[in-house]
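In: please work out how this folds:
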Amino acid sequence: VPSENDDYDYAMTAVPGEALRLLYEKFGARLLEANVRSFLSVKGKGVNAGIQATLRSAPERFMAYNNGIVIVADEMVLGKTSQGEQGIAWLKGLQIVNGGQTTASLYFTKRKYPDTDLSRVRVPAKIIVMKAQDPTKEEALVSDISRYANSQNAVRQSDLSANKPFHIEIEKLSRSIYCPDGVGQWFYERAAGSYNTLLAREGNTPARLKSFKEAIPPARRVTKTDLAKYLNAWDRKPDIVSMGSQKNFDRFMAALSPVDGQEAPLPTVADFKTMIAKAKLYRDTQKMLRPMFQAFQANVTAYTIAVLSERLGSRIDLGRIWANQAVSPELMEQIAKWAREVNDTLHATSGGRMVSEWAKRPECKDAVMSKMYSEPSTNIPELKAI
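Out: Numbering: from 1, shown residues only. Here you go, the predicted model:
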């Protein structure tokens, strides 16, 4: 398509379904790294179930029914097809920024139903060849393409942040760092749905699925919004955490924004282990407090973790929690004690307001954090000597 745009060149084409399936089979999630989500499964009556039905019953109509995919690439070379028509000879740096659902559906449908005839399937595609040499401009353009091209399923702000260097680095760390037993791992879900996609790809036999789930169980899956919640609570921002997942995530990402043009340093191996220790603390606290209080457990959890960090944060050996992959009963007992005091304070200071709304206010944070709490126990194994 003729263009005078300085940012990109543009082409429209139809990609053979079998070609897309083979690309996904070979490269998997790497093909979709610029996509805001991973595969969202075919359960229920959603978009992916519709794609599968078309592939099975009317593959020749796929082109008419499907919205198609959006591809970004670094380079594109045109050539002649076997019929002498203009076509695309090759693409370099290909990424699918919209249409991950379509691409993965081709692969999983053929795997589940080998008789599916993909030779009759053509997928409409827009191809955008990036001209911008500035990585920041390129990232912004890809993010905008994802935002405006995605219409099948709702896209959240946290999805659009999936390609930030911070999240990419944590994902890399999560795939390379093993728990102290040398077998287990934690899974950082940078793109929504990527854990289930990995299960579906790697667990193609019952034995492999069982082995994978034992090494990386769902209990060790951490999403972007989860991590933002755990870290903001530890950083004594329980009022922000109480605003809900998306607003908390937005504030978390804003705090990571470059200052005076300087990007924040990327997380290290030690940082990753510390983050997981904080995640373990938060999750164990949440699980313990759920049956302790009739309501507002989420707010009590966030505020209790903030109080714990304020009172003992500098003394808690997070490395020990990582090494044990567990929090000691003594520390959990201390957390339970302070949680009761935090719960009382939240109710006492709310002035009759709904605690979940009161907890969002800075005045609530000031009231809870300035309260005098009982002295901590002296027999907590995680406490470093003063």
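In: so what's the most centrally placed residue in the chain closest to, chain neighbours aside?
Out: Closest residue to the average C-alpha location of the chain: residue 190 at 3.1 Å, with CA atoms, centre = their mean. Counting by CB to CB, 6 or more residues apart in numbering, residue 190 lies nearest to residue 171, which is 4.2 Å off, once chain neighbours are set aside. C-betas here are computed from N, CA, C, even on glycine.
In: also residue 323?
Out: Looking at residue 323 with CB to CB, 6+ apart, the closest residue is residue 180, at 5.5 Å.
In: for the one you found, list the residues it contacts.
Out: Contact analysis of residue 180 by CB atoms under 8 Å, 6 or more residues apart in numbering lists 322, 323, 324, 325.
In: okay if I get those as a markdown table plus distance to residue 278?
Out: Listed next are the contacts of residue 180 as a markdown table, based on distance: CB to CB, whole Å:
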| residue | distance to residue 278 |
| --- | --- |
| 322 | 10 |
| 323 | 15 |
| 324 | 14 |
| 325 | 13 |
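In: for this structure, give me the ranges with low pLDDT.
Out: By pLDDT under 70, the weakly predicted segments of the chain are 3, 5, 33-48, 132, 146-163, 260-261.
In: tell me the contacts of residue 208?
Out: Residue 208 sits in contact with residue 202, where contact means CB under 8 Å, 6+ apart.
In: gap between the two ends of stretch 254-274?
Out: Start-to-end span of stretch 254-274 (CA to CA, to the nearest Å) is 21 Å.
In: repeat that for stretch 348-359.
Out: 12 Å.
In: what's the offset of the helix or strand hosting residue 283 from the middle of its chain?
Out: For residue 283, the element it lies in under DSSP states H and E is helix 269-289. Between the centre of helix 269-289 and the centre of its chain there are 17 Å (CA atoms, centre = their mean, to the nearest Å).
In: got a list of contacts for it?
Out: Looking at what lies outside helix 269-289 - CB under 8 Å, 6+ apart - the contacts are 170, 173-174, 177, 186, 222, 226-227, 229-231, 233-234, 267, 297-298, 300-301, 304-305, 308, 318-319, 321-322, 325-327, 332, 335-336, 339.
In: try it again with 7 Å
Out: Contacting residues not belonging to helix 269-289 are listed as 170, 173, 177, 186, 222, 227, 230-231, 233-234, 297, 300-301, 304-305, 318-319, 321-322, 327, 332, 335-336, 339 [CB atoms under 7 Å, 6 or more residues apart in numbering].
In: for it, buried residues please.
Out: Within helix 269-289, the residues scored as buried using 16 or more other CB atoms under 10 Å are 272-286, 288-289.
In: list the buried residues for the very next helix or strand once past it?
Out: For helix 269-289, the following helix or strand on the C-terminal side (DSSP H and E) is helix 297-312. Neighbour counts over helix 297-312 (16+ other CB under 10 Å) mark 297-309, 311-312 as buried.
In: tell me which of these is nearest to residue 200?
Out: residue 298 (30.9 Å; CB to CB).
In: what's the closest non-adjacent residue to residue 170?
Out: Using CB to CB, 6+ apart and skipping the chain neighbours, the partner closest in space to residue 170 is residue 188 (4.9 Å).
In: could you pull out the strands for the chain?
Out: 8-16, 69-73, 75-80, 86-92, 95-98, 122-130, 187-189, 221-223 (DSSP state E).
In: could you export those to TSV, including columns for distance to residue 108 and mean neighbour count?
Out: TSV is the format used below for the strands of the chain (distance: least, CB to CB, whole Å; neighbours: other CB atoms under 10 Å):
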stretch	distance to residue 108	mean neighbour count
strand 8-16	17	15
strand 69-73	16	22
strand 75-80	28	12
strand 86-92	23	13
strand 95-98	15	24
strand 122-130	15	20
strand 187-189	19	23
strand 221-223	20	18
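In: perfect, I'm done here.
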